[in-house]
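Q: Sequence and predicted structure below; questions after.
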Amino acid sequence: MANNHTPLHDSHRHPRAGARRLRDIDANAKVEVTLTLKGPELPGADAVVGAKVTPDEFLQRYAVPQADRERVRKALAAFGLQIDGESAGGHSLRVSGTASAMQAAFQVQLGIYAHDEQGEYRGREGDIAIPADIADVVTGVHGFDQRAVVQRRKRQATAAATTATAPAPLSPLDLIQRYDFPPGDGAGQTVAIAEFGQPLSGTHVVAPVYYPGDAPALNAKYGIAAPNVVIKPLNVTPLTPAQYNQLPASAQQISWDMSAEVTMDIQIVAALCPAATVNVYFATFDQKGWIDLLDAVVADAAAIPVSLSISWGLAEDSTDWSVSALQAISQRLQILAMHGVTTCVSSGDDGSGDQIDDGRGHVNFPASSPFVLAVGGTMLTTDSPAQEVTWWESPGTRSGGGGASGGGVSVLFDRPSWQTVSVESINPNARDGRVMPDVAALAGAPMYDLLMAGKPMPDGGTSAATPLWAALLARVNAGLPAARRQRFLTPLLYAASSATTVGAAGCRDIVSGDNISSPQPGKGYSAGVGFDAATGWGVPIGSKLLSILQTV
């Protein structure tokens, strides 16, 4: 390593399982990365309770000093790199240049890799190094490696698989009744949704197809007003149906799989909050895409959302993450929490193992971050009346054709002081980590009534429970007094309310089922009386939650 460079702590990328390096990158290829810069220390998870800062207050207290930003600009310009933009407060710098300039500036060896699920993509292995004169400022460099760091969902049902004897999927009106949504339509509120596309070969992206008529059609079916959906593309622009039809068959399948998530997220929020502004952000599903998307939500100060819905993730200890990226993403989630945004994140659809077959329990990130509301899943039994229990379909994993509510104890994030619950990890000698999920909602049978390209397509998973909670929080926020609006909800759920907690009083406890994924790890977490790591505090009682939050 050159003497004028300093290794970047926690930047190591392991080889990706199943990937093979095909060739070196073209030296003249354009490469874009996002840098994380060190600023004043942010308050930790224990301190983000109830209080919030305005965008102006955040800039005054926590912006990266202008002198440090200029020092980074000057150092990178010496390598022929340019600054294309920065986030509010300067915590992120977007940088571009040729591959050869990037490799010289950050001492990386970029290549084109191939993977059966992703195709060809730009990647790297090993560590990053920072020019020594800015090593005290730059804490992360993200975007060299475009491997996927989300688990792409598999559809839980298809129109063809829905039989006449199967219970009908729940309509928006059914959900409003089941979870006792407070009156209203979300007027004056903003809900954000995160969606992703797949980068290929360093320059090409397969985007999900978006059918703009589906959400209005679903609302019209149930006599609900047309929604206000705003598409906000970052480095991914969703395909029109006509563009989708021009794709080769292999790319159509990739796009369609992602589109199932997009259409579900949008329709659930749009039907439950038809008068709210629903901002849908699209970015690539590599580490840089995560960071750029969260930066964009923070920067949208004119439309700072009450909630952000994220139905994507990957096991927090997957070797496909770099530790520095986990830290950078969690920092952006922390900034959103400081602004009073509740980021709702699905806990995962693969039970206690989270798609890692090593005999240990694992949890999904970013749901494991203490700066989000982690949302688990339930299902309805076929009893009469139906009972709501922990979502579990044999064998508790999607790869086995089933699914289950993700949940457990983090191995990366400490348990914040406000999370006063007693849950032990199923892993021996584990840390006293953050416990998730915090709450739950319907994920399994009988699923949600949705449309895809104008046709019935019921769907579910914790990816459906998550936008439901995001929509609920918008309705709740609209009914709160001004002094209690726009607050990060998660710590409040663990706060005292009369003789119990806000979460216990504002949710209906789920006391049956578990999230064991088989054959690995073959153990998990059971639902029971009170908080648990299968369904958290339980499913919402919306009107009661609103009533409690009016005084807490």
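A: Done, it's in.
Q: From here on, just use CA atoms for contacts and neighbour counts.
A: Fine.
Q: can you give me how far the lengthiest helix in the chain is from the chain middle?
A: For the chain, the helix with the greatest residue count under DSSP state H is helix 249-272. Centroid separation between helix 249-272 and its chain, computed with C-alpha atoms, centre = their mean, to the nearest Å, is 15 Å.
Q: now stretch 489-509
A: Distance, centroid of stretch 489-509 to centroid of chain: 24 Å (C-alpha atoms, centre = their mean).
Q: Contacts only, for residue 381.
A: 387, 388, 389, 445 (C-alpha atoms under 8 Å, 6 or more residues apart in numbering).
Q: could you measure it against residue 461, distance?
A: Here the criterion is C-alpha to C-alpha, to the nearest Å. By it, residue 381 lies 16 Å from residue 461.
Q: Would you indicate which residues of the longest helix of the chain are buried?
A: Applying a neighbour-count criterion of 16 or more other C-alpha atoms under 10 Å, one finds 251-252, 254-272 buried in helix 249-272.
Q: coming back round to it: scan the contacts of residue 381 and report the most crowded one.
A: Neighbour counts for those, by other C-alpha atoms under 10 Å, peak at residue 445, which reaches 26 neighbours.
Q: What's the separation between that one and residue 264?
A: 15 Å.
Q: Next: residue 99.
A: 38 Å.
Q: repeat for residue 149
A: Distance from residue 149 to residue 264, by C-alpha to C-alpha: 21 Å.
Q: What of residue 71?
A: 45 Å.
Q: Secondary structure element holding residue 39?
A: Using DSSP states H and E, residue 39 falls within no helix or strand.
Q: Next one, pLDDT for it please.
A: Here the pLDDT value assigned to residue 39 is 95.
Q: what does the one 10 residues further on give?
A: In the predicted model, residue 49 carries a pLDDT score of 80.
Q: counting residues per strand, which one in the protein is longest?
A: strand 190-200 (DSSP state E).
Q: Please compute how far the one helix or strand in the chain whose mean pLDDT sits lowest lies from its chain's middle.
A: When the helices and strands of the chain are compared on mean pLDDT, DSSP states H and E, strand 204-206 comes out lowest with a mean of 82. On the basis of C-alpha atoms, centre = their mean, strand 204-206 is displaced by 21 Å from the centre of the chain it belongs to.
Q: Same question for stretch 169-185.
A: 24 Å.
Q: Kindly export it (C-alpha atoms) in PDB.
A: The C-alpha coordinates for stretch 169-185 follow below in PDB (Å, rounded to 0.1, in the frame of the first residue of the first chain):
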ATOM      1  CA  PRO A 169     -57.600 -11.700   0.900                       C
ATOM      2  CA  LEU A 170     -58.200  -8.700   3.100                       C
ATOM      3  CA  SER A 171     -59.300  -5.400   1.600                       C
ATOM      4  CA  PRO A 172     -58.100  -2.000   2.800                       C
ATOM      5  CA  LEU A 173     -61.500  -1.600   4.500                       C
ATOM      6  CA  ASP A 174     -60.900  -5.000   6.300                       C
ATOM      7  CA  LEU A 175     -57.500  -3.800   7.500                       C
ATOM      8  CA  ILE A 176     -58.800  -0.500   8.800                       C
ATOM      9  CA  GLN A 177     -61.400  -2.400  10.800                       C
ATOM     10  CA  ARG A 178     -59.100  -5.100  12.000                       C
ATOM     11  CA  TYR A 179     -56.500  -2.700  13.300                       C
ATOM     12  CA  ASP A 180     -58.900   0.000  14.400                       C
ATOM     13  CA  PHE A 181     -57.400   2.800  12.300                       C
ATOM     14  CA  PRO A 182     -58.300   6.200  13.600                       C
ATOM     15  CA  PRO A 183     -60.700   8.300  11.400                       C
ATOM     16  CA  GLY A 184     -59.200  10.200   8.600                       C
ATOM     17  CA  ASP A 185     -57.400   9.900   5.300                       C
END
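Q: quick one: contacts of it?
A: Taking C-alpha under 8 Å, 6+ apart as the rule, stretch 169-185 contacts 222, 268, 271-276, 445-449, 458, 472, 475-476, 539-543, 546.
Q: Just the buried ones from these?
A: 268, 271-276, 445-449, 458, 472, 475-476, 539-543, 546.
Q: So which of the residues you listed are in helices?
A: Reading helices off the buried ones among the contacts of stretch 169-185 with DSSP H, I get 268, 271, 272, 472, 475, 476, 542, 543, 546.
Q: Against residue 547, how distant is the third one?
A: To tie it back to what came earlier, the one meant is residue 272. For residue 272, the distance to residue 547 - C-alpha to C-alpha - is 19 Å.
Q: and if you look at residue 239?
A: 42 Å.
Q: Please apply the same query to residue 297.
A: With C-alpha to C-alpha as the criterion, residue 297 and residue 547 are 29 Å apart.
Q: Mark out where each domain of this protein begins and ends.
A: Annotated domains of the chain cover 5-142, 173-420+429-479+489-549 [automatic domain parsing].
Q: looking at these, which is buried most?
A: domain 173-420+429-479+489-549 (a mean of 23; mean count of other C-alpha atoms under 10 Å).
Q: Quick one: distance of that one to the chain centre.
A: Distance, centroid of domain 173-420+429-479+489-549 to centroid of chain: 7 Å (C-alpha atoms, centre = their mean).
Q: Now do the end-to-end distance for that domain.
A: OK, domain 173-420+429-479+489-549 end separation, C-alpha to C-alpha: 24 Å.
Q: With stretch 8-23 instead?
A: Using C-alpha to C-alpha, the two ends of stretch 8-23 sit 25 Å apart.
Q: outside of that stretch, which residues touch it?
A: Contacts of stretch 8-23 (C-alpha under 8 Å, 6+ apart): 111-116, 124-130, 135, 139-141, 319-325.
Q: what about the helices in the chain?
A: Going by DSSP H, the chain shows helices at 55-62, 66-77, 99-106, 172-178, 214-221, 241-245, 249-272, 287-299, 323-338, 462-478, 489-493, 502-506, 542-549.
Q: wait, which of those is closest to residue 427?
A: helix 323-338 (21.0 Å; C-alpha to C-alpha).
Q: sorry, back to before: of the helices of the chain, which approaches residue 5 most closely?
A: Using C-alpha to C-alpha, these put helix 99-106 closest to residue 5, at 8.0 Å.
Q: Many thanks, I have nothing further to ask.
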